[in-house]
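>>> I would like to see how this sequence folds:
(chains A and B)
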Amino acid sequence: METDVSNLVSGRTGDWEVVIGMEVHAQVTSQSKLFSGSSAEFGADPNMHVSLVDAAMPGMLPVINEECVRQAIRTGLGINAQINLTSVFDRKNYFYADLPQGYQISQFQHPIVGEGEVTIELKDGSQHVIGIERIHLEQDAGKSMHDQHPTQSYIDLNRSGVALMEIVSRPDIRSAEQAGAYIKKLRSILRYLGTCDGNMEEGSMRADVNVSVRRPGDPLGTRTETKNLNSVRFIMQAIDYEVERQIELIEDGGEVDQETRLFDTSTGTTRAMRSKEDAHDYRYFPDPDLLPLSFTQAYVDSLKAELPELPDQIKQRMVTEYGLSSYDASVLTEERETAAYYEAASDGQDRKMVANWMSVELFGALNKAGTNLADCPVAPQQLGALVGLITDGTISGKIAKDVFADMFDTGKNPADIIEEKGLKQVSDTGAIETMIDDVLAANQDKVAEYKSGKDKLFGFFVGQTMKLSRGQANPALVNQLLKAKLDS
Amino acid sequence: MTELLSLSATEAKRALTQKEISAVELTTAYLEAIDQTAGLNNYVAVTADKALEMAANSDKKIAGGTAGTLEGLPVGVKDLFCTQDVSTTACSEILRNFVPPYESTVTDNLWQAGGVMLGKLNCDEFAMGSANETSCFGPAVNPWSAEVPLAAGGSSGGSASAVAARSALLATGTDTGGSIRQPAAFCGVVGMKPTYGRCSRWGIVAFASSLDQAGPFTRTVADSALMLSAMAGHDPKDSTSAPDEMPDLTKALSCGVKGMKIGIPAEYEMDGMDPEIVALWQQGQNWMVEAGAELVEISLPHTKYALPAYYIIAPAEASSNLARYDGVRYGVRTDDVQSLDDMYEKSRAAGFGDEVQRRIMIGTYALSAGYYDAYYKKAQQVRRLIRQDFDTAFASVDAILTPATPTAAFALGQKQDDPLTMYLNDVFTVPANLAGIPGISVPAGLSKDGLPLGLQLLAGAFCEDKLYATAATLESMANFTTSAPKAA
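Residues are numbered from 1 along each chain as shown, chains lettered A, B, ... in the order given. Presented below is the predicted three-dimensional model:
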């Protein structure tokens, strides 16, 4: 991959290129676990969703949940990936108290999904394609709780056996910003597909981040892996910290150790967890309790035919058909709900203007109120109607902002608010001319100055006229008529 | 009383149906026989109350005309099968206190068919052994013993011993490398290992998942067909369970071998083989010809690699399968510990016997990074070649006749200090497990010391009908009717 100069980080001794790869663990949206019938629901009391299989009782055997396979294939299709018609489940062996089998069933050599890609777009409008190496299905472990008893640990097996997709990127990410955009884009795709709810705070999406630095053009540097990051902010913080730490280390004559690190959310720093030498030997081998997983191309095709429209497709439509900027379209399609709101609000209206109104006024108001689109008091059709009233000249853009504030507070229709408050725009030429005459008469000294060449005073006359109309005069008409009178 | 015990299952079934005897009478006779032969140590738990209750229920069903195929027939269960509310230990210290809240599919099938549960039978710890000497309860004793106690064989030593001692009419076993066929040969009874996938592995404590298969111990070939038909069947809870229908085995029993081709593999004639075994094998060939079959010399060229491959694959799978016995959720835990790792080490060191520890170590080594390709992967390649050997052979023959064991039963303790010699016991039986094909050991004669010797028949996968046709012929030609001196 070519060095992207814009992302270089300067150190004391010169520039550095940052290389990042991510492994994202996304919990598959499904009723039951990957190999057992217990519920995969989040939030139950400890050990309420545990079957004999999940607790690894003697003689218990895994049986694949077809829904999880379907979801993994759909996810693969959503990132234009190779779908492997035959894949193999392997055992990853290690001992831990919350891993009842003593191994995790995962996919090692033959994953269900092969190479794909995710396109991200940054604020500066630049686009980057992040390669996906693979997606494999695996079981989640249980949860160890070390804070329930002074000397003992408690184990909750509710999560034990829940299906995860491990989505492994290529080391194509070059900055914390890109990493943030990548995880958001990935989450967006998963949510559109309905294959993962993307709730990072509930742990249904977590990322391991591999970071290394190198001189531009050099081979890859030694990487560290920071485990289990569960928010976009933490991912970006951990990367920033690692980049700074690694550059400083190398510039001070040291070397980066290949190691696993933990992120401390309270300090925003990372610390070593275990070195490469202490790394587990997982002794992967094909799980003899399971046959290779296989399905037909026809099945894959049928899932492909039923895929919903994905953010990139909607975005493309918004750019080409609605004339939106690529960045605006990215913002509007990040969440499925936002895109749906926009589609409904802009239907039959000025598409670009609705986009602006959403990204500036609506999101501003939602942010300020600390709420989100799901609880928005303004229905999409109401916002559309407001924009319609601007474009048909009923109210000015300025008045519209006041009307919107009212709509947000009361949930009322814009037309009703305009009616009640008498905010309708004055487009009657005669009435405006009368107001202009009054303004000019009251300011004859300024008229003289203007005529002697002080052009800038034009704005003053516009302002005075608008003020006289209490903001209701059609600004375009005011401009036009003033110009005619002053320049005559 | 002895009259009741001398009935084969087929005869007892007829007598029960015609109400000449009752199930309670029959069961009572067996419970008394268990008492009388307690010195053989073949039972590790006797469920007398349950047996009588089930027998009474069988009598009702017989009276009501709703008898199952095994109605009222007393069955002993290898202690590797999980039995609901009845202690299931795998004859290991680590599960000494384990009482499963569930019933294995195979035993459930037996009870559904009307079988009466007598108790749990001794076996090698986790089925690892060829003499039942690794059991935490001490070895089961061969009822053919005179002064010196002889090995009943293993791992299903208790099952073979009980059926031979007439303290069980029928018994379940499991066969991973010969654990049914070898003890059957040592004790002069019929032991059968079905095609891999015929009997569900759900609820059977796993040793090596890709090799384990449950099967029947009986006094006659007809009884074997009767019992297998009840045990087997597709089970959606076991992903490796085969959906194929079982052929009509009763019909197969009377087919004869006229026109059949019986393969005699050159590679099974090994250096240093006991001349008595060689002679018996030759005798078996003569009987087959007499009965109208045609002998065909065949080659199974990879036979000599079977044992080494088996002793890589089986321990590898076992090392992973036994990881769940960690003292965390069930089983025995050592309490005096400083850390989680300490708890694992102490619990497992105390809970597992030497042979189990040895195999866990061999298996862990074979799967380790850097050794996987040289051991596990290579062994799997060998396994494929062995399967191909059999595929090629069964393209031209209906069944294969071989010795069942290299020797007659040896004295207990004789081979205990030499694991390698012990492993050689499986030399004729292991290939069938690697290939997944069915095999049966039929008592065919006595050694000069008066000990039973068995011959083995093998058939193609899912060709149990051919296997029983040839086995029934062999049985009638051999006319083996001597009962064990220490039988009840």
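
>>> measure whatever residue of the stretch 101-250 of chain A ends up closest to chain B to B:Met128 for me?
Proximity of the stretch 101-250 of chain A to chain B (C-beta to the nearest C-beta) peaks at A:Gly102, 2.3 Å away. (Glycine included, C-beta is placed from N, CA and C.) Separation of A:Gly102 from B:Met128 (C-beta to C-beta, to the nearest Å): 17 Å.

>>> interface residues of the stretch 201-350 of chain A facing chain B?
Proximity of the stretch 201-350 of chain A to chain B, by C-beta under 8 Å from any C-beta of the partner chain, involves residues A:Asp281, A:Arg283, A:Tyr284, A:Phe285, A:Pro288, A:Asp289, A:Leu290, A:Leu291.

>>> helix/strand/coil for the closest residue to B:Ser241 other than its chain neighbours?
Using C-beta to C-beta, 6 or more residues apart in numbering or on different chains and skipping the chain neighbours, the partner closest in space to B:Ser241 is B:Asp235 (4.4 Å). Secondary structure, DSSP: H, G, I helix; E, B strand; the rest coil: B:Asp235 is coil.

>>> how many residues are close by B:Asp235?
Neighbour count of B:Asp235, defined by other C-beta atoms under 10 Å in any protein chain shown: 24.

>>> contacting residues for it?
B:Thr105, B:Ser200, B:Trp202, B:Ser241 (C-beta atoms under 8 Å, 6 or more residues apart in numbering or on different chains).

>>> and which of these is nearest chain A?
For the contacts of B:Asp235, the nearest to chain A is B:Trp202 (5.4 Å; C-beta to the nearest C-beta).

>>> re earlier: which one's more surrounded, A:Gly102 and B:Met128?
B:Met128 (30 against 21).

>>> does that one touch B:Glu355 like I think?
Yes: contact criterion C-beta atoms under 8 Å: B:Met128 and B:Glu355 qualify, at 5.2 Å.

>>> what touches both of these two?
B:Thr134.

>>> got the domain boundaries for chain A?
A:5-303, A:309-421, A:429-487 (automatic domain parsing).

>>> shaky segments in the chain?
Defaulting to chain A. Under the criterion pLDDT under 70, the flagged ranges of chain A are A:1-4, A:277.

>>> hm, I was asking about chain B
In chain B (pLDDT under 70), the answer is B:1-2.

>>> spatially central residue in it, please.
B:Ile180 (2.1 Å; C-alpha atoms, centre = their mean).

>>> what parts of the stretch 1-150 of chain B come near chain A?
Going by C-beta under 8 Å from any C-beta, the residues of the stretch 1-150 of chain B near chain A are B:Phe81, B:Cys82, B:Thr88, B:Ala90, B:Leu95, B:Phe98, B:Pro100, B:Pro101, B:Tyr102, B:Ser104.

>>> wouldn't the fourth one be in contact with B:Met128 here?
No: proximity of B:Ala90 to B:Met128 does not meet the contact threshold set by C-beta under 8 Å, at 9.6 Å.

>>> residue 387: what's it in contact with?
No chain specified, so I'll use chain A. Contacts of A:Val387 by C-beta under 8 Å, 6+ apart are A:Ala345, A:Ser346, A:Gln349, A:Asp350, A:Met353, A:Val354, A:Trp357, A:Ala400.

>>> please go with chain B instead
B:Leu434, B:Ala435, B:Gly436.

>>> so the first one belongs to a helix, correct?
Yes: in this structure, B:Leu434 lies within a helix as judged by three-state DSSP.

>>> okay, the contacts of B:Asp235 in a markdown table with secondary structure and neighbour count next?
Formatted as a markdown table, the contacts of B:Asp235 follow (DSSP: H, G, I helix; E, B strand; the rest coil; neighbours: other C-beta atoms under 10 Å in any protein chain shown):
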| residue | secondary structure | neighbour count |
| --- | --- | --- |
| B:Thr105 | helix | 27 |
| B:Ser200 | coil | 26 |
| B:Trp202 | coil | 24 |
| B:Ser241 | coil | 22 |
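
>>> what's near enough to touch the residue nearest to the spatial centre of chain A?
The residue lying closest to the centre of chain A (C-alpha atoms, centre = their mean) is A:Lys184, at 2.9 Å. Residues near A:Lys184 by C-beta under 8 Å, 6+ apart: A:Val232, A:Glu334.

>>> ok so it is a helix residue?
Yes: assessed with three-state DSSP, A:Lys184 lies in a helix.

>>> count of residues packed around residue 294?
You didn't say which chain, so I picked chain A. For A:Ser294, using other C-beta under 10 Å, the count is 11.

>>> wait, I meant chain B there
So B:Glu294, with other C-beta under 10 Å, has 14 neighbours.

>>> contacting residues for it?
By C-beta under 8 Å, 6+ apart, the neighbours of B:Glu294 are B:Gly259, B:Met260, B:Lys261, B:Ile262.

>>> tell me the contacts of the last one?
Contacts for B:Ile262 were tallied using C-beta under 8 Å, 6+ apart; they are B:Gln285, B:Met288, B:Ala293, B:Glu294, B:Leu295, B:Val296, B:Val397, B:Asp398, B:Ala399, B:Ile400, B:Leu401, B:Thr470.

>>> ok, now B:Ala487?
So B:Ala487 contacts B:Leu5, B:Thr37, B:Pro143, B:Ala164, B:Ala165, B:Arg166 (C-beta under 8 Å, 6+ apart).

>>> residue farthest from the centroid of chain B?
Residue of chain B lying farthest from the centroid, by C-alpha atoms, centre = their mean: B:Gln338 (41.3 Å).

>>> from chain A, how far off is that residue?
Separation of B:Gln338 from chain A (C-beta to the nearest C-beta, to the nearest Å): 11 Å.

>>> how about the residues of the stretch 351-488 of chain B by chain A?
Checking the stretch 351-488 of chain B against chain A by C-beta under 8 Å from any C-beta, the hits are B:Thr364, B:Leu367, B:Ser368, B:Ala369, B:Tyr372, B:Tyr376.

>>> can you flag which of those belong to helices?
B:Thr364, B:Leu367 (DSSP state H).

>>> just the buried ones from the residues of the stretch 351-488 of chain B next to chain A, in PyMOL syntax?
A single PyMOL command suffices to select whichever of these are buried according to 16 or more other C-beta atoms under 10 Å in any protein chain shown:
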select buried, chain B and resi 364+367+372+376
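
>>> of all the residues of the stretch 351-488 of chain B next to chain A, which comes closest to A:Glu251?
B:Ala369 (34.3 Å; C-beta to C-beta).

>>> contact partners for that closest one?
B:Ala369 touches A:Asp281, A:Arg283, counting by C-beta under 8 Å, 6+ apart.

>>> how does it look with 6 Å?
If a contact means C-beta atoms under 6 Å, 6 or more residues apart in numbering or on different chains, then B:Ala369 has A:Asp281 as its contacts.
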